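Student: need coordinates for the following:
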Amino acid sequence: MSSPLSAMLTLVPHLKHESYPRCACPKWLRWSRDGKQHRQSTGTRIWGTVEKAVAQFEQRLKAGESPATTSGRTPSRRFPQLAETFMTRKLSQGIQPTTESKVRCHLQGFSEFMAARSKFYPADVTATDLVQCKAFGFSTGAEKPRPKEP
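Tutor: Purely as a prediction, here's the structure:
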């Protein structure tokens, strides 16, 4: 009988090697201090971003900060939660149903566009992401940008 893990190892051969850079799995910081293991999410799936976070984290630890004060990302809400809060505010302002539909469509498209780039928090978004989002019209960016209408 096969376990889910062994089936997953068959599908994703690098699963045993969590330091595999091309993996799109969530990345974690792990360390030991005072005989205790600690694990903290990096909030990203991008290897280069993780390497930068590790370097910053190590500097903070070497500076004498305790793991409790090096929590990395401050708790933040993800795009879907922020979009719902925004919509609640707009609805309380009495927007029209057609405007509500349009805004919901844009918020969902933006959230999906950023998720496709493994960016789930506002702090992860760069100006380049916003330009590409606008140019590609919320698509994943794999295809060419749509032409500007005259």
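Student: ok, residue 82 touching residue 123?
Tutor: No - between residue 82 and residue 123 there is no contact under Cβ atoms under 8 Å: 11.8 Å. Heads up, the C-betas are built off the backbone N, CA and C, glycines and all.
Student: who's more crowded, the two?
Tutor: The residue with more neighbours, out of residue 82 and residue 123, is residue 82; 15 against 10, by other Cβ atoms under 10 Å.
Student: quick one: contacts for that one?
Tutor: residue 122 (Cβ atoms under 8 Å, 6 or more residues apart in numbering).
Student: got it, and the one 4 residues further on?
Tutor: With Cβ under 8 Å, 6+ apart as the criterion, the residues that contact residue 86 are 103, 107.
Student: could you do residue 88 as well?
Tutor: Applying Cβ under 8 Å, 6+ apart, no residues qualify as near residue 88.
Student: residue boundaries of the strands in the chain?
Tutor: Taking DSSP state E as the criterion, the chain contains strands spanning 28-33, 36-41.
Student: as a markdown table, those with distance to residue 60, mean neighbour count and mean pLDDT would be great.
Tutor: Conversion of those to a markdown table gives the following (distance: least, Cβ to Cβ, whole Å; neighbours: other Cβ atoms under 10 Å; pLDDT from 0 to 100):
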| stretch | distance to residue 60 | mean neighbour count | mean pLDDT |
| --- | --- | --- | --- |
| strand 28-33 | 11 | 12 | 76 |
| strand 36-41 | 12 | 11 | 78 |
